[in-house]
Each structure stands twice: as C-alpha cells, then as structure tokens.
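> Based on what follows, work out the 3D shape:
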Amino acid sequence: MSGPYVIRGAVLLPEAELRWRFSRSSGPGGQHVNTTDSQAELSFDLAATESLPPVWKERALRELAARGRLTDGRLLVVRASEHRSQWRNRQTAALRMAGLLAEVTAPPRAPRRATRVPKGINERRLREKKQRGGVKRGRSGREGWD
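The predicted structure is shown next:
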C-alpha cells in the first residue's frame, strides 16, 4: 500500500492497525476473476485504536453506529472490488476508509441562525406573482375575466 493516508490534519490512518482480507471479486475481469483474489476488505478496530484523539474517536463511533456501518459495535469494514487488480482495490479501500473517517470525525456544523425574509424581497415576489397571473389571464382569450 502506498500510504500513509491522511484522515485530517496530522492524523494518519495507522498502517499497523489495519487488517486486510482478500477474496474473489465478482467485478470486471472475465476469467481472471475466477483465479485471483482481487476484492479487498479493509477492517479497522475503531474502539481499540489509540491513533485518533479521544473526541474524534467518540464522535466517529457515535456517527458510524447511527449509520449502521460498525460491525460488533467497534469494527469499521470497507470493501472494494471495482478494479481488476488487488493493488488498485487496496488503494480504493484505504482511500475510502480515510475519507469516511475524515467525514465522521469532523466537528458538527454550527446551528443555523433563523433570519427573517427582508420586506422588499417578499413584496417583489408578490408583485412578480401578480404580474405572472396577469400574463396567464391574458392568454385565455375571454375578455372581462376577473
């Protein structure tokens, strides 16, 4: 693998804590897929890792559990079988895992502050609706419709 893969900032996906499994892929490759183990399955024990800051780890465990992405409540598993070669599937799985961890460890967005619609915008919207209704009324061909 040509790591290390950056999760965010200076935090890296720890190579020593990653577990790889390979199996036969059902993807492209013709008869080649019947003979090689090109599907890559990458697992990472999120609950036991010491490489993530505790706040990130807690946030990731909570978010991934809510999404149903954890196995046994602690293991994050990513599979890749899009490519014919095992090496490219390894790259894809590692990048996908790093991206997923970056997404779920990100701090929550600030809540939206409610704002009022400006009076001028509302008046303009109503004026345009009235004008559009007049155009449509003019298409009817009948006079005196009000």
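
> where exactly do the helices run in this structure?
Shown for the chain, the helices assigned by DSSP state H span residues 54-67, 86-105, 119-138.

> Pick the most deeply packed of those helices.
Mean neighbour count (mean count of other CB atoms under 10 Å) peaks for helix 86-105 among the helices of the chain, with a mean of 19. Quick note: C-beta positions are derived from backbone N, CA and C, even for glycine.

> okay, and for the protein, where does confidence drop off?
1-3, 27-34, 143-146 (pLDDT under 70).

> measure Asp37 to Ala65 for me?
From Asp37 over to Ala65 the distance is 30 Å, taken as CB to CB, to the nearest Å.

> what's the closest of the helices of the chain to Ser25?
Closest to Ser25 of those is helix 86-105 (CB to CB; 7.4 Å).

> between the closest one and helix 54-67, how many degrees?
100 degrees (axes from the mean of the first three to the mean of the last three CA atoms, to 10 degrees).

> Give me the distance from stretch 111-128 to the chain's centre.
Its chain's C-alpha centre and that of stretch 111-128 lie 32 Å apart, by CA atoms, centre = their mean, to the nearest Å.

> then it to PDB, C-alphas only?
Provided in PDB are the C-alpha atoms of stretch 111-128 (Å, rounded to 0.1, in the frame of the first residue of the first chain):
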ATOM      1  CA  PRO A 111     -26.600  25.500  14.000                       C
ATOM      2  CA  ARG A 112     -28.300  27.800  11.500                       C
ATOM      3  CA  ARG A 113     -29.500  31.100  12.900                       C
ATOM      4  CA  ALA A 114     -33.000  31.800  11.900                       C
ATOM      5  CA  THR A 115     -33.300  35.100   9.900                       C
ATOM      6  CA  ARG A 116     -36.300  37.000   8.600                       C
ATOM      7  CA  VAL A 117     -37.100  37.400   4.900                       C
ATOM      8  CA  PRO A 118     -36.500  41.100   4.100                       C
ATOM      9  CA  LYS A 119     -39.700  43.000   3.400                       C
ATOM     10  CA  GLY A 120     -38.500  44.100  -0.100                       C
ATOM     11  CA  ILE A 121     -37.900  40.600  -1.300                       C
ATOM     12  CA  ASN A 122     -41.300  39.500  -0.200                       C
ATOM     13  CA  GLU A 123     -43.000  42.500  -1.900                       C
ATOM     14  CA  ARG A 124     -41.100  41.800  -5.100                       C
ATOM     15  CA  ARG A 125     -42.100  38.100  -5.000                       C
ATOM     16  CA  LEU A 126     -45.800  39.000  -4.600                       C
ATOM     17  CA  ARG A 127     -45.500  41.700  -7.400                       C
ATOM     18  CA  GLU A 128     -44.000  39.100  -9.800                       C
END
